[in-house]
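>>> Any chance you can model this:
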Amino acid sequence: MILTKDCEEEILQTKENLSIHFLMKELGQLNHFLGLDVDHSEEGIFLHQQKYSKDMLKKFEMLKCKPISTPMEPNAKMYAHEEKDLEEARMYRQLVGSLIYLTLTRPDISYAVCVMNRYMQNPKKLHLEAVRRILRHVKGTLDYGIIYKKGGDCKLVDFCDADYAGDHDTRRSTTGVIALAILKLHERPIAKCS
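A predicted model of the protein is given here:
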């Protein structure tokens, strides 16, 4: 369990209340949790998945691949029924599932991963090549993550884009929305308990 709050006294009170009902052990400052790394600095908290990314690249034999600057080709067209079915469909699903988890700290690959997620049921060779391109982008951007800075104002920034009948298989419009919470962090202690 991870506890975070602006007031350290409230964290201590919550721990005391929980320890009455549950056996607990203090594990100190949060640094790693379920493949998510947390780096603390004077600037704020930096969340990343560098180790997870390296392990994923190694698992799918892409650790020595040539990095690429974008996760998806601009104006790439994906079709559901263009080629033969992929023989390694299970591997494709594992790859896309791993990338979905990586999007927790990598909004830069979210759109490309969501597009490739559409073809999990019946992937083609073209789809696998596009997913490998995402992995090549991840290889070149292993140190990317999300930083939550101390100070400043808390505001929600929302971006939206849409196309008309952009999906070539269903002729539906594709809409993309991303909402970024720009948070104000006080001297917020983070503790990890189990």
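>>> Next one, pLDDT for Ile8 please.
Small correction: residue 8 is Glu, not Ile. pLDDT, Glu8: 82.
>>> Repeat that for Ile45.
86.
>>> my read: it touches Asp37, true?
No: using Cβ atoms under 8 Å, Ile45 is not in contact with Asp37, being 10.7 Å away. Glycine gets a C-beta too; all of them are placed from N, C-alpha and C.
>>> Please, where are all the strands along this structure?
Counting by DSSP state E, the chain has strands at residues 2-4, 26-29, 32-33, 36-40, 44-48, 145-149, 155-162, 175-182, 190-193.
>>> Could you tell me the least trusted of those?
Sorting the strands of the chain by mean pLDDT places strand 190-193 lowest, at a mean of 44.
>>> Touching stretch 91-104 from outside, list them.
With contacts defined as Cβ atoms under 8 Å, 6 or more residues apart in numbering, stretch 91-104 is touched by 35-36, 47, 49, 52-53, 56, 59-60, 86, 109-110, 113, 116-117, 119-120, 123, 127-128, 131, 134-135, 138.
>>> Filter those down to just the buried residues.
35-36, 49, 52-53, 56, 60, 86, 109-110, 113, 116, 119, 123, 127-128, 131, 134-135, 138 (16 or more other Cβ atoms under 10 Å).
>>> Keep only those of those residues that are in helices.
The helices, defined by DSSP state H, take in Tyr52, Ser53, Met56, Ser110, Val113, Met116, His127, Leu128, Val131, Ile134, Leu135, Val138 from the buried ones among the contacts of stretch 91-104.
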